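> my questions concern the predicted model and sequence given below.
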Amino acid sequence: MSQLIKVIIPAYNEQDSIANVINDIPTIVEEIIVVSNNSTDNTEVNAKNAGATVLTENKKGYGYACLKGMKYIASTAQKNPAEKPTIVVFLDGDYSDYPEQLTEIVAPIIENDIDFVIGARIKRLREHGAMTPQQVFGNWLATSLMKLFFKATFTDLGPFRAIKYDKLLALQMEDKTYGWTVEMQLKALKQKLSYVEIPMKYRNRIGVSKVSGTVKGSIMAGVKILGWIFKYSFK
C-alpha cells in the first residue's frame, strides 16, 4: 500500500532555520505544514517561500501548534478523503534534527507495520552542546520513570517522530504546551501501540531554544513532563 506522509512543524521565530528544514525534507512527503506559533519575525514568509503550507496559531505553546496542524489535516481529509495521510511526522523548525533522516523515521512503519517511531538523540550522534544538561537529565528522568511504571524501552523524548495517522487520532492528544511529547509516549504505552526508537543525529540548533534555553522554560517543561507521568502511573 502506498503511504501518504504529512509533516507538522511547530515554529516560533525560526526565520533563519525554517527554509533549511523544509528544503531538506525528502520528496516522499506529500505536504509540509508549518504552524507559526505567534511568530513575530519572517518565519511565515520564509516557510511559504520554501513551499510549505503555513498556518498561524496565536496561542503560544508547542502543543497548541501541533493541535492546529492536526486540525488542518483532519479538515483537509474531510473535504477530500484522498488527502488523508497514513503517516504523520512531527519535526522541529530549528534545524537541530536532520530532516533527511525522515526516511529512517518512517521506515519501521512502512516496512514492519510499527505504529509509532521516536527519533532518539543518542550521545554518540549528538554535536557537543546540542542538548543542555537539563535536557539530558530531564530525558533520563522521564524515560526512567516510564521504564519503572510501564516497562517502557524509551530512551528519549525526541520531537522528531512518526506515527500512523489513525493511531495518532486514537491518542486524543490534548496537551497545549510543554508536555506534548511525553503525553504522546504515555498514551502510546497505555494503548499498547507498537513502537521503536531510531538513532538520530542531532546538532546545535539555529537560534536560541524557547524551552531549554531559559530557566523558566526548563522548569515548566519539567513540571509538565512529571505531571503527565504521575497522572498516568496512578490511573
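Received the coordinates, thanks.
> so where's the chain shaky on pLDDT?
Applying pLDDT under 70 to the chain picks out residues 1, 208-222, 224, 230, 232-235.
> can you pull out the strands in it?
For the chain, the strands defined by DSSP state E cover 5-11, 29-36, 53-56, 87-90, 116-120, 161-164, 195-199.
> would TSV of the ones you listed with distance to Asn23 and mean neighbour count be doable?
Any C-beta I mention is one placed from the backbone N, CA and C, and that applies to glycine too. Formatted as TSV, the strands of the chain follow (distance: least, Cβ to Cβ, whole Å; neighbours: other Cβ atoms under 10 Å):
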stretch	distance to Asn23	mean neighbour count
strand 5-11	12	25
strand 29-36	10	23
strand 53-56	15	18
strand 87-90	16	24
strand 116-120	19	24
strand 161-164	20	25
strand 195-199	22	18
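> closest to Ser75 out of those strands?
Each of these has some distance to Ser75 by Cβ to Cβ; the shortest is strand 53-56, at 10.7 Å.
> name the helices or strands packed onto the closest one?
Judged by 3 or more Cβ pairs under 8 Å, 6 or more residues apart in numbering; DSSP states H and E, the packing partners of strand 53-56 are strand 29-36, helix 43-49, helix 62-79.
> make TSV out of those and add distance to Lys176.
Conversion of those to TSV gives the following (distance: least, Cβ to Cβ, whole Å):
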stretch	distance to Lys176
strand 29-36	13
helix 43-49	20
helix 62-79	4
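> give me whichever of those is most buried.
strand 29-36 (a mean of 23; mean count of other Cβ atoms under 10 Å).
> looking at the strands of the chain, which is closest to Val21?
Val21 lies closest, by Cβ to Cβ, to one member of these: strand 5-11, at 6.5 Å.
> with just CA atoms, put the closest one into PDB.
Coordinates of each C-alpha in strand 5-11 appear next as PDB, following Å, rounded to 0.1, in the frame of the first residue of the first chain:
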ATOM      1  CA  ILE A   5       3.000  11.300   4.600                       C
ATOM      2  CA  LYS A   6       2.500  14.700   6.000                       C
ATOM      3  CA  VAL A   7       4.800  16.700   8.300                       C
ATOM      4  CA  ILE A   8       3.800  19.100  11.000                       C
ATOM      5  CA  ILE A   9       6.500  21.600  12.100                       C
ATOM      6  CA  PRO A  10       5.700  23.900  15.000                       C
ATOM      7  CA  ALA A  11       7.700  27.100  14.700                       C
END
